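Enquirer: Have a look at this fold, sequence not included:
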């Protein structure tokens, strides 16, 4: 039983020579990916919204990128870029997330209501204020369910995060092969994994529901007061 509990600790914090790792590494990469991919995707969509050829080029590029398995993106970055492992992981996950977020944001930028556009004209907002205030809130509010689904799926796909640290994965494989675990040990390990998985996914769903009913609820107070 001590072996299974020790392995469960490594699932949480990583191996002694590769920390942070495990679930801690997963959350670090996950939060950093959100912090980078969401603003970068929205900024790219805003820059391309008034240029048809840029829209076509970016749409085609990200459509092609979505067709590539995420692990191929990770291994390609790992092969061509001499960066730290953590940096390569963030870059891979950010690019992968942008390939999903850019078309979502582009769809709602295109569907932006004309009445809100007239409100912006009445308020005489500049280009930066338009995209950073009213449009940003409206686009994020409308696209939040799709964003939430994407990031929950990204978190679920633990193979992406695990394979970022190939050395950690190899060491874990050797650790499993070097010891004879009993059935009770394996059941304990699987139970811990299931509990961690269930807890984290439920936490993400709870945070998503909370944001949906607070930050992204109904309409923006500025447009509501004007209308």
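Expert: Done, it's in. Being a predicted model, the structure only gives us computed values, none of them experimental.

Enquirer: For residue 118, which three-state class applies?
Expert: helix (DSSP: H, G, I helix; E, B strand; the rest coil).

Enquirer: make that residue 82, sorry
Expert: Per three-state DSSP, residue 82 ends up coil.

Enquirer: residues near it, how many?
Expert: Residues near residue 82, counting by other C-beta atoms under 10 Å, number 6. For every residue, glycine as well, the C-beta is placed using N, CA and C.

Enquirer: same thing with residue 128?
Expert: Using other C-beta under 10 Å as the criterion, residue 128 is surrounded by 9 other residues.

Enquirer: Tell me the confidence at the residue nearest to residue 130 when sequence neighbours are not counted?
Expert: Nearest residue to residue 130, sequence neighbours excluded (C-beta to C-beta, 6 or more residues apart in numbering): residue 120, at 5.1 Å. We have a pLDDT of 76 for residue 120.

Enquirer: Wait, residue 120 touches residue 134, no?
Expert: Yes - using C-beta atoms under 8 Å, residue 120 is in contact with residue 134, at 6.1 Å.

Enquirer: who's in contact with residue 95?
Expert: Neighbour list for residue 95: 65, 73, 77 [criterion: C-beta atoms under 8 Å, 6 or more residues apart in numbering].

Enquirer: so which of the residues you listed comes closest to residue 28?
Expert: When these are ranked by distance to residue 28 (C-beta to C-beta), residue 77 comes first, at 17.5 Å.

Enquirer: quick one: what helix or strand has that closest one in it?
Expert: helix 70-80 (DSSP states H and E).

Enquirer: Any buried residues in that helix, and which?
Expert: 70, 73, 74, 77, 78 (16 or more other C-beta atoms under 10 Å).

Enquirer: Which residue ranges of this structure form helices?
Expert: Applying DSSP state H to the chain gives helices spanning 2-13, 22-48, 52-66, 70-80, 85-110, 114-123, 127-129, 135-156, 158-164, 166-178, 183-213, 221-226.

Enquirer: Buried deepest among these, which one?
Expert: helix 85-110 (a mean of 20; mean count of other C-beta atoms under 10 Å).

Enquirer: mind checking the end-to-end distance for stretch 65-85?
Expert: When the termini of stretch 65-85 are compared using C-alpha to C-alpha, to the nearest Å, they are 21 Å apart.
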